[in-house]
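>>> output the structure for:
(one chain, ligands or ions: 1)
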Amino acid sequence: MVTAKKLAELIEDDSVMDAEAIEEADRECPDCGGDVLEVGYMPSVTEFVTGRKCQDCDWSETDRD
Ligand SMILES: [Zn+2]
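Prediction:
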């Protein structure tokens, strides 16, 4: 099982400062229909991002504009 911080780093493709607990997102992956995990994390002190990552493929997104 991946940790919240590790999941956030996979989504961000970089290191993150902190991450909240992993939750199951109420949606399916648009690419493969797999289960999507959601995690809130701080890539830097001033930024908070909610990221989502598919458990079955490489698809991910963030709520960053
Ligand atoms: Zn997928």
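
>>> as a whole number, average confidence for stretch 44-55?
Average pLDDT, stretch 44-55: 97.

>>> need the residues that contact it.
Contacts to stretch 44-55, defined as C-beta atoms under 8 Å, 6 or more residues apart in numbering, come from residues 7-8, 10-12, 17, 25, 27, 29, 31-32, 34-43, 59-64. Using the backbone N, CA and C atoms, a C-beta is placed for each residue, glycine as well.

>>> make it 6 Å
Here stretch 44-55 makes contact (C-beta atoms under 6 Å, 6 or more residues apart in numbering) with 11, 25, 29, 34-40, 42, 60-64.

>>> please spell out the ChimeraX selection for the buried subset of these.
Selection of buried members from those for ChimeraX, criterion 16 or more other C-beta atoms under 10 Å:
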select :11,25,29,36,37,38,39,40,60
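
>>> please identify which of the contacts of stretch 44-55 is nearest to Met1.
The nearest member of those to Met1, counting by C-beta to C-beta, is Leu37 at 10.5 Å.

>>> return the item of the contacts of stretch 44-55 having minimum pLDDT.
pLDDT across these is lowest for Arg64, at 92.
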